[in-house]
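**Student:** Predicted coordinates and the sequence they were generated for:
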Amino acid sequence: QVQLVESGGGGLVQAGESLRLSCAASGSIYGVNTMGWYRQAPGKQRELVASVTSGGSTNYADSVKGRFTISRDNAKNTVYLQMNSLKPEDSAVYYCNAVVVAIIRQSTYRPLEVWGQGTLVTVSS
């Protein structure tokens, strides 16, 4: 079994402030490929915020470029999202996502997409 556990970082902040989200993958993992963060605001579809490959290549939504930074620690199977200069429109539930190679049994592996439990971020104006 593989799970993503988000920790720290969520909550209520004022516009212009910063937050840092963390997410760790654990379980029967052979490897972790792309990790990322998505968000979903009330009444809106879930959208990609940022992603990072195992090699360190990053991708950002236009709305967060220059304000958010995604990073990862491959040794810890952990991804981080540093969010600076937060705006009210950044308010949403943030979900961690990862594509992992799960160990099914000895010498048997399967790709698996896993989601975290979600962290609420609220930015007041």
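**Tutor:** Yep, it's here.

**Student:** What residues sit buried inside the helix or strand Y30 falls within?
**Tutor:** According to DSSP states H and E, Y30 maps onto strand 29-40. Neighbour-count burial for strand 29-40 flags 29, 32, 34-39 (criterion: 16 or more other C-beta atoms under 10 Å). To be clear about C-beta, it is placed using only N, CA and C from the backbone, and glycine gets the same treatment.

**Student:** Let me see the mean pLDDT of it.
**Tutor:** For strand 29-40, the mean per-residue pLDDT is 96.

**Student:** partners of the helix or strand following it, with directions?
**Tutor:** Scanning forward in sequence from strand 29-40 by DSSP H and E, the next helix or strand is strand 47-52. Under the criterion DSSP bridges, strand 47-52 sits next to strand 29-40 (antiparallel), strand 58-60 (antiparallel) in its sheet.

**Student:** Quick one: closest of those strands to G11.
**Tutor:** strand 29-40 (14.6 Å; C-beta to C-beta).

**Student:** Restricting the selection to alpha carbons, write the closest one to PDB.
**Tutor:** What follows is strand 29-40, C-alpha atoms only, in PDB (Å, rounded to 0.1, in the frame of the first residue of the first chain):
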ATOM      1  CA  ILE A  29       7.500   2.100  -3.100                       C
ATOM      2  CA  TYR A  30      10.100   1.100  -5.700                       C
ATOM      3  CA  GLY A  31      10.400   4.600  -7.100                       C
ATOM      4  CA  VAL A  32       8.700   7.900  -7.300                       C
ATOM      5  CA  ASN A  33       8.300   9.700 -10.600                       C
ATOM      6  CA  THR A  34       6.500  13.100 -10.900                       C
ATOM      7  CA  MET A  35       5.300  14.700  -7.800                       C
ATOM      8  CA  GLY A  36       3.000  17.700  -7.700                       C
ATOM      9  CA  TRP A  37       0.500  19.900  -6.100                       C
ATOM     10  CA  TYR A  38      -3.100  20.600  -7.300                       C
ATOM     11  CA  ARG A  39      -5.700  22.800  -5.800                       C
ATOM     12  CA  GLN A  40      -9.400  23.000  -5.900                       C
END
